[in-house]
Each structure stands twice: as structure tokens, then as C-alpha cells.
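> Below are the sequence and a predicted model; questions follow.
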Amino acid sequence: MKNRILLGFIILNSIVWSQQFSISWGNLERSNGSLIEILPRTNNDFYTLRWSGGRTFGSYRISNHENLSFVQSGRIKQVAENGIASFENAYYFGDKLYVFLSDKTKGEMSLYYQIYDAELKPYGSSELIASYANNKLNAKPNFKILQSWNREFIGIVWEIPGKRTTSDIYGYRVFDKSMNEVQSGEYVLPFDGNLTTINEHHISNQGDYYLSLTEHQRPNDRFLVRSHENFKAIHVYKIRNNELKEFQVELDGKRIDDIAMSSNDSSYFTLSGIYGSGNSNGIEGVFIVRIDSKKDSVIYRGMVPFNRDLVFQNLTERQREKTEQRLFNRNSEPQLYNYRLRDIFTQSDGTVLGSVEQYYVHRRVTYDNRTGISSTVYYYYYDDIIAFKIGNSGKFDWQKMLPKSQVSINDGGPFSSYSSFVNDKKMCFIFNDNIKNYADDGSFLPNVNSNSIYSLNLSRKRNVAAIASIDIETGELTRNTLFTRKEINSIVVPKMFKHNMLNKELLMYAILGSKERFGILNFSEK
């Protein structure tokens, strides 16, 4: 009875504080393995993919959750047609749970799928879905499995070695949710494989297959840090019937970083990236190519620079004057540094919503002169967010800076960064924050900026999950607390949140020691 009262208290307060989204939390339960991914199903029911065991020995497991509570768990059996297989991934697709396994037998690389039943046990025999030959001694299967945003299509892509001396050749298959083949074939990339890097494969909501790649001026050593000066061009292709349909990309001497692809139910496809100049971490704006998939035509392509006021927003008057003079002397545009493209959403009207985050890693090495032993500490910084909307005019309708500070040591930042989602009216961001940045009523303090903001705190007293909401039409920004660690007795992990676009829900995850709980935020409300 006490647990029911507490749960009702959590739900009630979440509704009041979020003002527009209802939130439900399940009970705090003991974790049965490290969470890898949430697999949305229907409403409050979902599966989770997990690893149980240590770094060397353990097993992949699937857990079933109903009404936000754990029901049962089953071990994934890594067995395919010819014996022991390697786990690749798992998807809930077409109302069935699929586990994908790869195997190498006598130089043949094979990919299988195995359906699991409601009891989380293999149902029937594994089915071969793709294969290719590779007789190299230490070769391993290199299948890539993709799913469309609407979970209506699934694609398999693999590189076929040995057919060409320089150019890479790939095979692919695309299936609908009944596992009927939509298209398949092979294609050759029209470049030397050492001079290209594939950025992303993408399966659209209509089952179309897109590919973007970066062309380099010199051979690209993927084991070293990337060099911005080695950038030459970006290429985007639509692949069908073994042919590559290229959409021209004009860069005007700029370089493109952090490519992302997005599509929607209205047959709009968007390729986006952040652009800059020369061998620098600085970025100047957002690059975009918008394509009508039905007509295979480019609607818009161009570069959209960030507003100068946004770049100078947190500078003092003296700092701004110095920066303006330096830009004038160098005849260059203002830049933002250490930003990464995080999310791109293509709306039904073709407009684009997106966000970038300031992210960097600082390494500090100390030496003990007495012993000669050195120690290394890594600091992970996840700082300000810049949210934007690019309208059908090809320009920013609005740009908004969301100041935040999240720093952690030697852990990769498990509680840092954010999760974003979009409905018909709002673009929203959820992230861990410090309650000292907010007033007693939960509103963000008006005078806080990037220079004065309190950094992320995970303590029971200071930790809070915040939500920033931007009106899509006007760009009006509001920021409030969503709930505190004390209220839900756990800390949210935004990196593990998962969209369920079919139900317009965000599946949330929070932990406390060896225990965990799941929540659902419904963002279908107007």
C-alpha cells in the first residue's frame, strides 16, 4: 500500500511540474544485467537487451517488462544453423522479437535471425538472411543491421571483400515488417576505398536505402585522430536496383562534420551536418540537403550560418570586441568550438529541427619523479546545447542556446548529455542538472548563463532532472525542473532513453546502485 501511495505521488508531481506531459514510473527493482538498449513494444510494455556477467565471461539476455515492471528474463542462445554463432543485435519488429546472429563456416560469412516467443525462448529454427564469401584466415562477419524510424522496415548491409582491388563493393537487403524482401542487390562505391569513410547508412520510413560518405584528399588512417584538412567532399546516394543515384552536394570550400540522416512519413529525406573551415574544431553553422524521395529531387541544399549574437552570447563586451577584431583581421566567420551534432528531426512539412552539444575530453597526465610512474585522468565535458529550426526558406527560423555544465572523470559521462524529442508543438530536452540553477517554483533562474551555471551534481540533495521546451513556431524557450533524485529515489540516464514513435512516448531509465526503474513520458499531448 505504501509503494502505491509513493508511486501516485511521483506521477502526480511529474504531471504538475512538466505542465504538458504525463509521466509514469515503475517500481525500483533489482537489475538483472547491464542495460544495452530498450526495445519498445506497446504502451507500458517493452523488452530490454542486457549483458549479464563480467567483461570477459557472461551472456546476452532479453528481459520482458510489462506495466513498467520486470516479468521475466531469458538468455540469448548464440546458436545458429552450423553451431556456435556471434550475437549481432535484437529488434522488436512486426510484433515479433528477432535476435540476429552471425557465423563463419568454411569461408562463408552468414547472418541469421531467430524469433523468440513470449516466454523468451527460441521459436522454430534460425533463418539465413544474408551471406557472402571471405576466405581470409582471421576474417569476421561485418554485417550492419538498420531499422527505419517508424519500425516498418529493416535493412542488412555488408561489405564484400576481394571483388575489387581499390573500390569497395557492398551487398544489401531490405525487408518489411513481415520479413518480405523489398529490395536487394550489390553496389560499387565509385572511389578508392582508402580515400573514403562511410558516415551513415539509412533506411527511410518508405523502405528506401540511403548512404552518405566522406571523400578524403589523402588515404584515411582510421586508427588516428581525424584531420580536418584531409576533408575533400561529401556524397549522398539513394540505392536501388544495384544503382547509386547521387544527389549533388556543393560545399563552397567548407568541410562537413558529424553527418546525420533523417526521414519522415511524408517522403522527405534530410542529410545534415555541421560545417567549418580549415583544420580547426570550430564550426560556423549547419549544412543541409533536403530531398523529395518520391521525385528523387533536391528541394533545398545550402549552408545556414549560426547567428553572430549566439556565438558571442556569453562573452563580455571586451572579449567580444577582441573577437570581432580578430575575425576582421583574418577575414573569417565567427565559430563555435567542440560541438557535436546530436539529433535531427524532419517534420511533416519538410522543416528540420536539430541540436548540437559542446563535447570534449581533457586528458591530464601526472608523473611521480620518485617512482617514474605516470597516471592519466580523463575529464569528460558535456556542456551547452544549441537547438535550431531550419524552415522551408533554407534559413534558421530560430536558434536557442541552452547553457548546461556536466563534467565527470574516467567514466565517459554515463549521466551526462541529454535526450530530445519532438511533437507537433514542442521540441524538448531532458538532462541531469543542479537544483541550484532553479528557483523554488522549479523555474530556471533568469540570470544564469554558461559562465555562471552550476555544474551537474548527482547527490540526493542537489540532483534534478530538468526539461527545456521550445515552441516550434515561435522559438519561445522555457526551462524547469522535471523531478528530483529525492522524489524518484534514483538518477535518470538520458543516454539510455528510447523513443517509441508509434505511441509518441519516451521510455526513460533511472538507476540507484544495483537497482533500476523505468518510466514513460507521453508527448502526444498538445
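In hand now; what should we look at? Note that the structure is a prediction, hence the values are computed from the model and not measured.
> Who does the nearest residue to residue 241 once chain neighbours are set aside form a beta bridge with?
In this structure, residue 241 finds its nearest non-sequential neighbour in residue 185, 6.4 Å apart by CB to CB, 6 or more residues apart in numbering. Quick note: C-beta positions are derived from backbone N, CA and C, even for glycine. In this entry, residue 185 is beta-bridged to residue 172, by DSSP bridges.
> Who are the contact partners of residue 143?
Residue 143 makes contacts with 88, 100, 102, 109, 111, 130, 156-158, as judged by CB atoms under 8 Å, 6 or more residues apart in numbering.
> Please, where are all the helices along the chain?
Taking DSSP state H as the test, the helices found in the chain are 2-18, 308-311, 317-330, 485-488.
> pLDDT below threshold where in the stretch 301-450 of the chain?
Low-confidence segments of the stretch 301-450 of the chain, defined by pLDDT under 70, are located at 311-335.
> on that earlier part again, give the buried subset of the contacts of residue 143 as a PyMOL selection command.
Buried residues among the contacts of residue 143 (16 or more other CB atoms under 10 Å), as a PyMOL selection:
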select buried, resi 88+100+102+109+111+130+156+157+158
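> can I get the contacts of residue 143 in CSV with distance to residue 388 and pLDDT?
Listed next are these as CSV, based on distance: CB to CB, whole Å; pLDDT from 0 to 100:
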residue, distance to residue 388, pLDDT
88, 35, 95
100, 36, 97
102, 39, 95
109, 42, 92
111, 38, 95
130, 38, 94
156, 34, 97
157, 30, 96
158, 36, 94
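> ok, so of the contacts of residue 143, who is nearest residue 66?
Nearest to residue 66, judged by CB to CB, of the contacts of residue 143 is residue 100 at 24.3 Å.
> coming back round to it: sort out which one of the contacts of residue 143 lies nearest residue 242 for me.
Taking the contacts of residue 143 together and measuring to residue 242 by CB to CB, the closest member is residue 157, at 13.7 Å.
> Would you enumerate the residues in contact with residue 511?
Contacts of residue 511 (CB under 8 Å, 6+ apart): 31, 490-491, 493, 517.
> now, which of the residues you listed lie within strands?
491, 517 (DSSP state E).
> Considering the contacts of residue 511, which is situated nearest to residue 307?
residue 493 (32.8 Å).
> So the closest one is in contact with residue 416, correct?
No: between residue 493 and residue 416 no contact is recorded; they are 9.7 Å apart, counting by CB atoms under 8 Å.
> Tell me which of the two has more neighbours.
For residue 493 versus residue 416, neighbours defined as other CB atoms under 10 Å are more numerous around residue 416 (24 against 19).
> With distance to residue 460 as new columns, can the contacts of residue 143 be given to me in a markdown table?
Output for these, formatted as a markdown table (distance: CB to CB, whole Å):
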| residue | distance to residue 460 |
| --- | --- |
| 88 | 40 |
| 100 | 41 |
| 102 | 44 |
| 109 | 50 |
| 111 | 46 |
| 130 | 49 |
| 156 | 46 |
| 157 | 46 |
| 158 | 48 |
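> re earlier: just the buried residues out of the contacts of residue 511, in PyMOL syntax.
Applied in PyMOL, the following selects the buried portion of the contacts of residue 511 according to 16+ other CB under 10 Å:
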select buried, resi 31+490+491+493+517
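> Just give me the least confident of the contacts of residue 511.
Across those, the smallest pLDDT goes to residue 31, namely 93.
> What's the local residue count around the closest residue to it other than its chain neighbours?
Nearest residue to residue 31, sequence neighbours excluded (CB to CB, 6+ apart): residue 516, at 4.6 Å. Per other CB under 10 Å, the neighbour tally for residue 516 reads 21.
> now do residue 460
Using other CB under 10 Å: residue 460 sits among 12 other residues.
> Please apply the same query to residue 361.
The burial count for residue 361: 11, using other CB under 10 Å.
> got the residue ranges for the strands in the stretch 301-450 of the chain?
For the stretch 301-450 of the chain, the strands defined by DSSP state E, counting those that start in this stretch cover 336-337, 339-346, 352-367, 374-390, 396-402, 406-409, 419-422, 426-434.
> Buried deepest among these, which one?
Among those, judged by mean count of other CB atoms under 10 Å, the one packed with the most neighbours on average is strand 426-434 (a mean of 24).
> Identify the residue nearest residue 94 in space, chain neighbours excluded?
Closest to residue 94 by CB to CB, 6+ apart is residue 177, at 3.3 Å.
> Show the contacting residues for the residue nearest to residue 241.
So residue 185 contacts 171-172, 239, 241-242 (CB under 8 Å, 6+ apart).
> let's go with 7 Å and repeat that
172, 241-242 (CB atoms under 7 Å, 6 or more residues apart in numbering).
> Which single one of those residues is nearest to residue 509?
Using CB to CB, the contacts of residue 185 come closest to residue 509 at residue 172, 32.4 Å.
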